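Asker: please work out how this folds:
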Amino acid sequence: MKVLIIGGVAGGASTAARLRRLDETAEIIMLERGSYISFANCGLPYYIGDVIKKKEDLVLQTPESFKERFNVDVRILSEATAIDPNAKIVTVKDWRSGDTYQESYDKLVLSPGAEPVRPALGAAESQRIFTLRNIPDTYKIKDFITMNEPKSAIVIGGGYIGLEMAENLSHAGLFVTLLQRSNQVLRNTLDFDMACDVHNELYAKGVDLNFNQTIKSYAEENDQVIVTTESDQFTADMLLISVGVSPESTLAKNCGVNVNERGYIVTNDRMETNVADIYALGDAVEVTHFVTGEKAAIPLAGPANKQGRIVADNICGIDSHYEGTQGTSVLKCFSLTIAATGLTESQAKKAGIDYIASVTYSEDHAAYYPNAAKMGIKLLFAPADGKILGAQIVGKEGVDKRCDVIATAIRGGMTVYDLTKLELCYAPPFSSAKDPINMAGFVAENILSGKVDIYHWDEIPQLDQTKVTMLDVMTPKEYQKGHIPGAINIPVDELRKRIGELDKSKPVYVNCAIGLRGYIACRILTQNGFTCKDLSGGYKLYKSIEANL
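Answerer: Next comes the predicted model:
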């Protein structure tokens, strides 16, 4: 059996390695258009920021090491230019010699990836304008910084790469301006309320963050880059464009492989295309969202590697199926860690899925152990049965492991009730006896069981304070530092003896710092005949959002 793999990074390399482990006799050829295979895409920004010091640390395998370990014929600088599926032949351009040749196959694997979108708005050949996809891009940016010593940079786009580059360019000593088209960063990962903590971190670290910026043009002029938006103009010594990716699926489409309206390659759950003996995987393929069951494009390294394993299995006769992508991701942004899995509110609404959202804050480890910091967990779950639909977590330490727990729970079809029962690792440096995951489950369970009703930050402007009572149950000292306008202050520990100060005919909208004391207050009030709601996420979340309005 002869297997030809087009693309030698995450998905292609995983396919090749798995194939060899399953079939020692197969002839495996891997074609890579670029100069490197199996490199650490996600580590590229950190080399620019000098966090990763050595170039060689970005390269996980070389053609020589891959050949030695897996006996795979790796051909770099070799671009597949055409596929004849009837003859089972691929035309290849060897960029070192300039020659073109043909290579036959029994099975063909497409792992072309996705390329950065670069809007045609000017300055196409400028040496000061960059995108970041591969190692040559990385070296180009790093060399420019080293040789030209720029003082400032503009980053267009607040997705993963945009934020990582904003951080690492800052680490490299540049003043960074970040331009975002919408009103928040990470709009495919976080809801606005959870993104506000990220905004505040960027502001605190000196990033000039600008929202609602639609780019009209960019140009190089007098050794600077000028970016013109519909409302403003920005100038810097260099520009990084990070506004998303598009699938490199032209080769597939030209040989009759089906692609969707956005250009993503269509496969079944065995990663087979509509053309016999041609498989596809990675960032260029359409996937099924694990939670919604709808088709989606979710370019992540983890799914690409898993798909590579599935392709290899099926080529070798093992019936293996890809069950969907749930979008589990994690990102470092200065001192914050941001993680998410499953659905956001906007995605749930778009899919027509009914949900409840709650926000909790818990210390990342025991509060009495030094350097404890609060992490915010936003949990989405089904009103009918408590099935977990998604989570977003923002904090410092331990965010990734909490998100992994919820990602596993989603994959297992678990509910918020199950979160209350999980027995998770506990020692003071790492967690509390009631882990933040348990706490998120407790709050969700209380909501579903009717022990507490909640309201959200965006409901506050619509409340008629002549018809409701806004009650702040923090301490007087906390209240003086900041509170929701119009809220009266009765500390929770004084509530029972001062309950007569409240009008029972009015619904009481309670808030505290993070929601815990508000819950206690609501239990007191509800059992004394009041109608009561607790502010999800408390004043901490409200204050974070208020700074962004």
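Asker: low-confidence regions, the chain specifically.
Answerer: Scanning the chain for pLDDT under 70 picks out 123-124.
Asker: what kind of secondary structure is Ala120 in?
Answerer: coil (DSSP: H, G, I helix; E, B strand; the rest coil).
Asker: ok, it - how many residues close by?
Answerer: 5 (other CB atoms under 10 Å). In short, each C-beta sits where N, CA and C put it, glycine included.
Asker: how many neighbouring residues does the residue nearest to Gln224 when sequence neighbours are not counted have?
Answerer: Counting by CB to CB, 6 or more residues apart in numbering, Thr235 is the residue found nearest to Gln224 once chain neighbours are left out, at 5.4 Å. Neighbour count of Thr235, defined by other CB under 10 Å: 14.
Asker: phi, psi for Thr235 please.
Answerer: According to degrees, to the nearest 10, the main-chain angles of Thr235 amount to phi -130, psi 140.
Asker: and stretch 318-328, what's buried?
Answerer: Judged by neighbour count (16 or more other CB atoms under 10 Å), stretch 318-328 contains these buried residues: 320, 322, 324-328.
Asker: let's have those in a markdown table, adding secondary structure.
Answerer: Converted to a markdown table, those look like this (three-state DSSP):
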| residue | secondary structure |
| --- | --- |
| Ser320 | coil |
| Tyr322 | coil |
| Gly324 | coil |
| Thr325 | strand |
| Gln326 | coil |
| Gly327 | coil |
| Thr328 | coil |
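Asker: go ahead and confirm the residue nearest to Gln224 touches Ile226.
Answerer: Yes. Using CB atoms under 8 Å, Thr235 is in contact with Ile226, at 5.3 Å.
Asker: if I look at these two, which residues touch both of them?
Answerer: Listed contacts common to Thr235 and Ile226 are nil; contacts here mean CB atoms under 8 Å, 6 or more residues apart in numbering.
Asker: and the furthest pair within the buried residues of stretch 318-328?
Answerer: Greatest spatial distance in those: Ser320 and Gly327, 21.4 Å, computed using CB to CB.
Asker: OK, contacts around the residue nearest to Gln224?
Answerer: By CB under 8 Å, 6+ apart, the neighbours of Thr235 are 152, 224-227.
Asker: and it, how far from Asn210?
Answerer: 13 Å (CB to CB, to the nearest Å).
Asker: got a list of what Phe334 touches?
Answerer: 167, 170, 201-202, 204-205.
Asker: what values do phi and psi take at it?
Answerer: The phi/psi pair for Phe334 (degrees, to the nearest 10) is phi 50, psi -120.
Asker: now do the one 5 residues further on
Answerer: Ala339 adopts backbone torsions of phi -140, psi 150, taken as degrees, to the nearest 10.
Asker: burial count for it?
Answerer: By other CB under 10 Å, neighbour count at Ala339 equals 25.
Asker: start the count at 47, not 1, going forward
Answerer: OK, 47 is where the count begins now, so the last one is Ala385.
Asker: distance of it relative to Thr281?
Answerer: 35 Å.
Asker: likewise for Ala347?
Answerer: Relative to Thr281, Ala347 is positioned 35 Å away (CB to CB).
Asker: so Lys134 sits against Val49, correct?
Answerer: No. With contact defined as CB under 8 Å, Lys134 does not count as touching Val49 (11.4 Å).
Asker: shared neighbours of these two, which are they?
Answerer: Here Lys134 and Val49 have 151-152, 154 as joint contacts, going by CB under 8 Å, 6+ apart.
Asker: of those, which is the most crowded?
Answerer: The shared contacts of Lys134 and Val49, ranked by neighbours (other CB under 10 Å): first place Leu154, 29 neighbours.
Asker: Gln107 against Ile83, yeah?
Answerer: Yes. Gln107 lies in contact with Ile83 (CB under 8 Å); the separation is 5.9 Å.
Asker: between the two, which is the more surrounded one?
Answerer: Shown here are Gln107 and Ile83; by other CB under 10 Å, Ile83 has more neighbours (24 against 21).
Asker: run a quick neighbour tally on the closest residue to the more buried one other than its chain neighbours.
Answerer: Distances taken as CB to CB, 6+ apart put Gly54 closest to Ile83, at 3.7 Å, once the chain neighbours are dropped. Gly54: 29 surrounding residues under other CB under 10 Å.
Asker: ramachandran coordinates for Gly54?
Answerer: Torsion angles, degrees, to the nearest 10, at Gly54: phi -120, psi 20.
Asker: please enumerate the helices of the stretch 347-496 of the chain.
Answerer: 347-361, 391-397, 445-457, 462-467, 482-494 (DSSP state H, counting those that start in this stretch).
Asker: of those, which is nearest Asn417?
Answerer: The nearest among those, by CB to CB, is helix 445-457 at 14.7 Å.
Asker: pull the number of nearby residues for Thr71.
Answerer: 6.
Asker: now Gly89
Answerer: Neighbours of Gly89 using other CB under 10 Å come to 16.
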